[in-house]
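Undergrad: Build me a model:
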Amino acid sequence: MTMRSEAKCGVLRGKYELGRFLGHGTFAKVYHARNLATGDSVAMKVVGKEKVIRVGMMEQVKREISIMKMMKHLNIVELYEVMASKTNIYFAMELVCGGELFAKVTKGRLLEDPARHYFQQLISAVDFCHSRGVYHRDLKLENLLLDEDGNLKVTDFGLSALSDHLRQDGLLHTTCGTPAYVAPDVIGKKGYDGAKADIWSCGVILYVLLAGYLPFQEDNIVAMYRKIYRGDFKCPPWFSPESRKLITKMLDPNPNTRISIAKILNSSWFKKKSTVRQSKSKLEQEFALGDGVNGKGNEPETLNAFHIISLSEGFDLSPLFENTKKIDKEELRFGTMTPASSVISKIEEVAKTRNFSVKKSDSCVRLQGQESGRKGKLGIAVDIFAVVASFLVVEVKKYSGDTLEYNQFCSKELRPALKNIVWTTTGNSMPEC
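TA: As a prediction, the model looks like this:
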């Protein structure tokens, strides 16, 4: 059965209307799709199960799903939900319409200010990934998209690794990536630090933005690898001294002395303010709207089976219905049989102790701190979904501010305040549909 015939048969639950073909990769095809309920456009990535299983890639697909669920950031393509049929896995993703950053560079090198603008957004996204133990491992211009507002969006986490994949030596060992962007420590086959490998790739990207061509270019890949090993490249004369200094530190062939993201953020070239205006994140826009937060009605949205898959850890549904001990660093999720109004009241009580600003509807709450922390004001989004009428799933996420501050708030204040309403598998039964 074809993907389109599956859609007609309701495999997508009548939720998405599939449109034109957008492109394809080794294991996936991407279509334009429209959410029939909201009218919003999405990119629908379709992965054939049989092909993925045949080449032993199912674990990689599960890992990509798990990683992308963690990646809620303005400069990272968002995964909305995952659906599955007998033959396909469907990824409903943010549709990014501005094309690849690569297309801009093919027209000529960028001036320093727009190059800095994109590079600042790239480093923000990569720093976010690393803070959650995620290493992209295939950063390149072709994987950097632009939205209609000119915001950079990192995509394609198919080769990403988690800190869980480190061996006993604390390093990653899988050689992967695109040759012209790959770090010498990755091709050295002695193990590498995923964060430092990503920084090298970011250095290559910055070089290309400013130069209009790659720092390591050879017709023979072996000769190119020799140059990469030695860090053998030259900056063109139009590079400013500050940009030249930063790129040289990022393209240091010795990973032990290569610059860290913390030092990149503190470098004089990086810290210059861009004249290119950045748009607010979707959640920040929602918070500013006040009444009618999240555009939801008066009742919690009802979850179908596909929603539940997208909310769970990969394809394992158990974390939804157990006391949430294992959670993402920026996300807390639990089930409850307490009415949504009572959940919201308890959250409001906690918010008062911290002097948070509160915006709410009957199915969601947005909290925002009044004081700036290490990374600005702490912002927290709480959304409530109904599995059945008497059973709710509550999802808590950070949308701005420092992750450490958020985790401390959740562990010391929010969790203790909500512990009496969290549904656990011990001594409880799932309510009847």
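
Undergrad: Pull out the buried residues from stretch 376-392.
TA: Residues of stretch 376-392 classed as buried under the neighbour-count rule (16 or more other CB atoms under 10 Å) are 377-387, 391-392. Yep, even glycine has a C-beta here, placed from its N, CA and C like the rest.

Undergrad: mind putting those residues in TSV, secondary structure included?
TA: Supplementary listing: the buried residues of stretch 376-392 in TSV, determined by DSSP: H, G, I helix; E, B strand; the rest coil:
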residue	secondary structure
Lys377	strand
Leu378	strand
Gly379	strand
Ile380	strand
Ala381	strand
Val382	strand
Asp383	strand
Ile384	strand
Phe385	strand
Ala386	strand
Val387	strand
Phe391	strand
Leu392	strand
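
Undergrad: Any stretches of the protein with poor pLDDT?
TA: Low-confidence regions of the chain, defined by pLDDT under 70, span residues 1-13, 26, 164-165, 168, 170, 276-330, 374, 388-389, 424-433.

Undergrad: ok so, going back, which two of the buried residues of stretch 376-392 have the greatest separation?
TA: When the buried residues of stretch 376-392 are compared pair by pair using CB to CB, the farthest-apart members prove to be Lys377 and Phe391, with a separation of 33.4 Å.

Undergrad: In the stretch 201-350 of the chain, mark out all the strands, start to finish.
TA: Under the criterion DSSP state E, counting those that start in this stretch, the stretch 201-350 of the chain contains strands at 301-302, 331-336.

Undergrad: looking at the ones you listed, which is buried most?
TA: Of all those, strand 331-336 carries the top mean neighbour count, a mean of 21, counting by mean count of other CB atoms under 10 Å.

Undergrad: what distance separates that strand from the centre of its chain?
TA: Between the mean C-alpha location of strand 331-336 and the chain-wide mean there is a distance of 20 Å, by CA atoms, centre = their mean, to the nearest Å.

Undergrad: Would you mind pulling up the elements that it packs against?
TA: Using 3 or more CB pairs under 8 Å, 6 or more residues apart in numbering; DSSP states H and E as the contact test, the elements touching strand 331-336 are strand 391-400.

Undergrad: Quickly note the distance from the spatially most central residue of the chain to Leu79.
TA: With the centre of the chain defined as its mean C-alpha position, the nearest residue by CA atoms, centre = their mean is Met71, 2.2 Å away. With distances taken as CB to CB, to the nearest Å, Met71 is found 7 Å from Leu79.

Undergrad: Please, which helix or strand holds the residue nearest to Ser201 when sequence neighbours are not counted?
TA: In space, not counting the residues next to it along the chain, Ser201 is nearest to Leu139; the distance is 3.9 Å by CB to CB, 6 or more residues apart in numbering. Element membership for Leu139, per DSSP states H and E: none, as it lies in no helix or strand.

Undergrad: Touching, Leu139 and Val126? I think so.
TA: Yes - using CB atoms under 8 Å as the test, Leu139 is close enough to Val126 to be in contact (7.2 Å).

Undergrad: Mutual contacts of the two, please.
TA: Overlap between the neighbourhoods of Leu139 and Val126 consists of Val154, Asp198, Cys202, taking contacts as CB atoms under 8 Å, 6 or more residues apart in numbering.

Undergrad: could the residues you listed be laid out in CSV, adding distance to Val358 and neighbour count?
TA: Output for these, formatted as CSV (distance: CB to CB, whole Å; neighbours: other CB atoms under 10 Å):
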residue, distance to Val358, neighbour count
Val154, 32, 22
Asp198, 37, 26
Cys202, 38, 23
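
Undergrad: Identify, from those, the entry nearest to Lys398.
TA: Distances from Lys398 to the shared contacts of Leu139 and Val126, taken as CB to CB, are shortest for Val154 (18.5 Å).

Undergrad: hey, what's the closest one bridged with?
TA: Bridge pairing for Val154 (DSSP bridges) gives the partners Ile76, Leu144.

Undergrad: and the gap between it and Val208?
TA: 16 Å.

Undergrad: again with Met57
TA: For Met57 relative to Val208 (CB to CB), the value is 30 Å.

Undergrad: More neighbours: which of those two?
TA: Val208 (22 against 17; other CB atoms under 10 Å).

Undergrad: Please name the residues that touch that one.
TA: Contact analysis of Val208 by CB under 8 Å, 6+ apart lists Val105, Leu141, Leu214, Pro215.

Undergrad: and the host helix or strand of the first one, what other elements does it pack with?
TA: If you go by DSSP H and E, Val105 is part of helix 101-106. In this structure, helix 101-106 makes packing contacts with strand 144-146, helix 194-211, judged by 3+ CB pairs under 8 Å, 6+ apart.

Undergrad: got the CA coordinates for that helix in PDB?
TA: Listed in PDB are the C-alpha atoms of helix 101-106, where the atom choice follows Å, rounded to 0.1, in the frame of the first residue of the first chain:
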ATOM      1  CA  LEU A 101      21.700  28.900   4.000                       C
ATOM      2  CA  PHE A 102      23.900  27.200   1.400                       C
ATOM      3  CA  ALA A 103      21.900  28.900  -1.400                       C
ATOM      4  CA  LYS A 104      22.800  32.400   0.000                       C
ATOM      5  CA  VAL A 105      26.500  31.600  -0.100                       C
ATOM      6  CA  THR A 106      26.400  30.200  -3.600                       C
END
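
Undergrad: quick one: buried residues of that helix?
TA: Leu101, Lys104, Val105.

Undergrad: quick one on the thing from earlier: can you redo the strands of the stretch 201-350 of the chain as CSV with distance to Lys352?
TA: As requested, those are arranged in CSV below (distance: least, CB to CB, whole Å):
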stretch, distance to Lys352
strand 301-302, 27
strand 331-336, 19
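
Undergrad: among those strands, which is nearest Phe91?
TA: For these, proximity to Phe91 was assessed by CB to CB; strand 331-336 is nearest, at 18.4 Å.
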